[in-house]
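Q: No letters, just coordinates:
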């Protein structure tokens, strides 16, 4: 019955869970792919994946000592639920742009210039659509719904997930303007700080083997959880996520919001996590070269011999950060005959976008980058790391963990420790 905290990460393709001892040591981890359980965009698949993942975790460590649990999810994924918390229709995913012009115009007319709720990928736009579904009692973020299922109550969210829905983390409330934009405030969850205790495990959580005394805590977004997992903790510490997309986060002493560049800030304790997400990244690389060819192409990289190609790799027109332009075209010309040179040019292009992102944050008032930690699949590519070192010209530091589930478990530990 070793006391521990559990973090659950609900990602785009799978669920991961970690159990951390009170000193922060990882004492168990598990993962499950959603594809093995159904449609990865269906809420009941998320739930089955969480159940399976916790069952696997319980097979490797004693869950009877669990003191607390929290969930992170994909930022901006929204689901409408009825009074019992059952999903109504399909959710609107984080990467689905809003095509309803009246909704976008209503938000643009009311939202402050610095609000993260602006734009075609606005989570608030999804709320305005989902709240009109027949029988919709509340509209929740993905992490809210999973936590609510474990808690037995579907009425809470956290300030990180709620940011892109229009929540004001400085004032600590849903602002008046979102109601003027058309949001039904009665259908939005009550927002608390990430890590805050919500209440004891409910019947559904207990049926998974969690003790009745375990407390469900407010979670965070997958991006914030990944940052926390790395060990980055000082002002100026940065984390680059080289996953399907390129995500940049930098710990700041003040909030930085510039939607015109796709920049927004999450509150983390007394600091602010500023950054944004680009449309470049691993998904573009796999589309261009195929996953099977990546190891051989990576082995042939020559980091000390820049190609000078200066690409802007995108799968299709449109970029969010550090350039916010829905019509920005990909730049992948001239294309050399040699595939190895083309591959290196694409990796250099992603690194140049990363460097542009950090320069943009500096222009907006962010602190000097004191260290960069890297997570995601691209972090394991040694040649790409050397390319990035040259282009970024900043100190690199090792990530303590790359698992978002570890980061969200750390939120629970922080809440459990005496002030």
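A: That came in fine, so what should we check first? Just so we're clear, the structure is a prediction, and the values are computed from it rather than from any experiment.
Q: contacts and neighbour counts: CA atoms only from here.
A: Will do.
Q: Show the end-to-end separation of stretch 177-191, please.
A: 17 Å (C-alpha to C-alpha, to the nearest Å).
Q: ok, residue 417 - how many residues close by?
A: Number of residues near residue 417 (other C-alpha atoms under 10 Å) recorded here: 8.
Q: do the same with residue 59
A: Counted with other C-alpha under 10 Å, residue 59 comes out at 12.
Q: Next, it: secondary structure please.
A: helix (DSSP: H, G, I helix; E, B strand; the rest coil).
Q: Kindly report the same for residue 6.
A: Taking three-state DSSP, the label given to residue 6 is strand.
Q: Roughly how far does it sit from residue 172?
A: 27 Å.
Q: and what of residue 35?
A: Distance check for residue 35 against residue 172: by C-alpha to C-alpha, it reads 38 Å.
Q: if we can go back for a sec, between residue 6 and residue 172, tell me which one has more neighbours.
A: Neighbours per residue (other C-alpha under 10 Å) separate residue 6 from residue 172, with residue 6 holding more: 32 against 12.
Q: Contact partners for that one?
A: 17-20, 66, 68-70, 405, 409, 412 (C-alpha atoms under 8 Å, 6 or more residues apart in numbering).
Q: likewise residue 60?
A: Per C-alpha under 8 Å, 6+ apart, neighbours of residue 60: residue 28.
Q: likewise the one 5 residues further on?
A: Residues in contact with residue 65 (C-alpha under 8 Å, 6+ apart) are 1-4, 211.
Q: Quick check: residue 89 vs residue 4, distance?
A: For residue 89, the distance to residue 4 - C-alpha to C-alpha - is 36 Å.
Q: no wait, residue 329
A: From residue 329 to residue 4 the distance is 48 Å (C-alpha to C-alpha).
Q: Between these two, point out the one with more neighbours.
A: Neighbour count, other C-alpha under 10 Å: between residue 329 and residue 4, residue 4 has more, with 29 against 15.
Q: isn't that one right up against residue 68?
A: Yes: Residue 4 lies in contact with residue 68 (C-alpha atoms under 8 Å); the separation is 7.4 Å.
Q: Show me which of the contacts of residue 65 are buried.
A: By neighbour count, with 16 or more other C-alpha atoms under 10 Å, those hold 3-4, 211 as buried.
Q: need those in JSON lines with pLDDT, can you?
A: Shown next, in JSON lines, are the buried ones among the contacts of residue 65 (pLDDT from 0 to 100):
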{"residue": "3", "pLDDT": "89"}
{"residue": "4", "pLDDT": "94"}
{"residue": "211", "pLDDT": "95"}
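Q: Go through these and name the one nearest residue 46.
A: residue 211 (21.6 Å; C-alpha to C-alpha).
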